[in-house]
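[1] Fold the following for me, if possible:
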Amino acid sequence: MRILVTASHAPFLHGGGERHVDNLCMALRAAGHEVALVRLPFKFSPEADIERAMAFCDGYDLSAPNGQHVDRVISLQFPGYGMRHPRHVVWLMHQHRAVYELFDPDAATPALHRLREKIVDYDRRALSKVTRIFANSQRVARRLLHYNGLDSTPLYHPPPGAELLCRGEAWDYVFFPSRLESLKRQDLLIEAARLIVTDTKILIGGEGPQRERYERLIEKHALGDRVRLIGAFAEAERIALYAHALAVVFPAFDEDLGYVPLEAMYAAKPVVTCTDSGGPLEFRAHGETGEIVAPSPEALADAIDRLATHPDRARAMGEAGRERILAMDLSWPRVVATLCA
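    Residues are numbered from 1 along each chain as shown. I've put the predicted structure just below:
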């Protein structure tokens, strides 16, 4: 088939979402399909630019651009799913979160209130017209049902390089690789370092807009000997960092899916996540594959100390997590077959 994939793109930002889009296109091509990726530039502000992006996509006909027949459109993100095609499948990564679960009516400006009304209407109209809706996770599916009254089917996929992740001897550190931004809540883990009583170190990987703030927080509490911001790392380093971690910590707020916990499971590492972390909770079992704790430095510190003082239990949790994720048999060929059925 000739397939168009639509997705949004914020220039110079590259994270799990961008890898998701790239891997879908590669999987479609590997299955023998001819694929073109339509990347729509996206700005998070001002509100007027978001409205212009919606207006451009709303009803835009992708059935035969420039006379080139298209068999199917697969849309992943707002606002591209508003484009029109007779066989249009949406695999929803997330909606525009600022007007849904992250919306604070008391703090929102009048412009954001107006934008929210327009986006909710746009999403309801656009998504009700597509052939079928899949969601990146149960969490994303529940949001869509709650806010827009639309049903969708969760469709899981493996994280990038899952087949390379492997067990290794646990060393005296916990690992948290992710973009350094407020919703990932690296600051909770940094604050937890003040309360950890074992000799466990904390390695925080990744770059992002909150790096300077986290550096100041580490300096303020004199935690340089316990917490390290290791920045970007190569693929071989990623594999080794997972393999030798005592555990992986992921306290992000209301995540859509969360690659990090999945990667930890493939590497047979227990995961410490929070009760409000969203998507990652779909794969976790408290006390069996890791710890699910309150989103506080105290709770994170206690969980890390428990794992450090009971390494056999930590190892058993990691093995249970690996068994669980392998039993799910996540694969890109299965995703492609489902989206192209």
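[2] Now do the helices in the protein.
    Applying DSSP state H to the chain gives helices spanning 16-30, 47-57, 110-129, 138-148, 186-193, 211-220, 235-243, 259-266, 297-309, 311-328, 332-339.
[3] Disregarding flanking residues, what is the spatial nearest neighbour of residue 298?
    Nearest non-adjacent residue to residue 298, counting by Cβ to Cβ, 6 or more residues apart in numbering: residue 195, 6.1 Å away. C-beta: built from backbone N, CA, C; applies to glycine.
[4] Can you tell me the closest non-neighbouring residue to residue 295?
    Residue 295's closest residue in space is residue 274 (Cβ to Cβ, 6+ apart), at 4.1 Å.
[5] Quick one: the helices of the chain as TSV, columns for mean pLDDT too.
    Putting the helices of the chain into TSV (pLDDT from 0 to 100) gives the following:
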stretch	mean pLDDT
helix 16-30	92
helix 47-57	95
helix 110-129	96
helix 138-148	96
helix 186-193	98
helix 211-220	97
helix 235-243	96
helix 259-266	96
helix 297-309	98
helix 311-328	96
helix 332-339	97
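[6] just checking, residue 123 touches residue 99?
    No - judged on Cβ atoms under 8 Å, residue 123 makes no contact with residue 99 at a distance of 9.3 Å.
[7] I figured residue 108 hits residue 117, correct?
    No - the criterion here is Cβ under 8 Å, and residue 108 misses it with residue 117 at 11.3 Å.
[8] If you count surrounding residues, which of the two has more?
    When neighbours are counted by other Cβ atoms under 10 Å, residue 108 and residue 117 differ, and residue 108 comes out ahead with 15 against 10.
[9] And the pLDDT for the more buried one?
    We have a pLDDT of 94 for residue 108.
[10] How about the contacts made by it?
    Neighbour list for residue 108: residue 116 [criterion: Cβ atoms under 8 Å, 6 or more residues apart in numbering].
[11] From residue 115, how far off is it?
    Here the distance between residue 108 and residue 115 works out to 9 Å (Cβ to Cβ, to the nearest Å).
[12] And for residue 162?
    37 Å.
[13] Of these two, give the one with the bigger neighbour count.
    residue 115 (23 against 19).
[14] Wait, that one touches residue 45, no?
    No - in this structure, residue 115 is not within contact of residue 45 by Cβ under 8 Å, at 9.9 Å.
[15] and residue 284, what is it in contact with?
    Contacts of residue 284 (Cβ under 8 Å, 6+ apart): 261, 271, 273, 290, 292.
[16] could I get the residues you listed as a markdown table with neighbour count?
    Formatted as a markdown table, the contacts of residue 284 follow (neighbours: other Cβ atoms under 10 Å):
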| residue | neighbour count |
| --- | --- |
| 261 | 29 |
| 271 | 26 |
| 273 | 30 |
| 290 | 30 |
| 292 | 20 |
